[in-house]
Structures are given as C-alpha cells and as structure tokens.
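Curious how this folds, go ahead:
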Amino acid sequence: MQGELNILEGKLAQLVQLTKRMRAENHQLRQDLAEALSRARLSEDKVNSATSRLEHILAKLPDEKS
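I've put the predicted structure just below:
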C-alpha cells in the first residue's frame, strides 16, 4: 500500500511540475501573440499609408491618351 502511495505521489509531483511548465509556456505564448498582433497592425497601417500616398501620386499623373 505504501509503495502505491509513493508511486501516486511521484506521479502527482510530475503533474504539478508539468502544469507549472505549461502555465509558464502559455503565458509566454500569449505575450508573443500580443507582440505579433501589434507588429501586424503596425505593418498594416504602414501598407495603408503607402497605398494612400501612391493613390494620391497616381491621381496627380496626367491621363495616358492612346
């Protein structure tokens, strides 16, 4: 009986360690995701700005007559 309890205690300790590790990894992944989303929004803003500037420049060009 004591042997079985020791085995169970060992497995429980492993589960606790695994849970802590997974929690820390999950926290890091959430931070990484937030940073990636922020960079993506910044990139999207830059692309939109560049698109607007190009459209403005193109609108100033004279029409090409065939």
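
number of nearby residues for H56?
Counted with other Cβ atoms under 10 Å, residues neighbouring H56 total 9. Any C-beta I mention is one placed from the backbone N, CA and C, and that applies to glycine too.

Also the one 4 residues further on?
Applying other Cβ under 10 Å, we find 7 other residues in the vicinity of K60.

Tell me how far it lies from N48.
From K60 over to N48 the distance is 19 Å, taken as Cβ to Cβ, to the nearest Å.

Tell me the pLDDT of the spatially most central residue of the chain.
Centroid check for the chain by Cα atoms, centre = their mean gives L33 as the closest residue, at 1.8 Å. In this prediction, L33 carries a pLDDT score of 98.

Could you say which helix or strand holds it?
Per DSSP states H and E: L33 is located in helix 2-60.

So which elements touch that helix?
Using 3 or more Cβ pairs under 8 Å, 6 or more residues apart in numbering; DSSP states H and E, no helix or strand is in contact with helix 2-60.

Just give me how far it sits from the chain centre.
Its chain's C-alpha centre and that of helix 2-60 lie 4 Å apart, by Cα atoms, centre = their mean, to the nearest Å.

and if you look at stretch 54-66?
Remark: stretch 54-66 is offset 39 Å from the chain centroid, using Cα atoms, centre = their mean.
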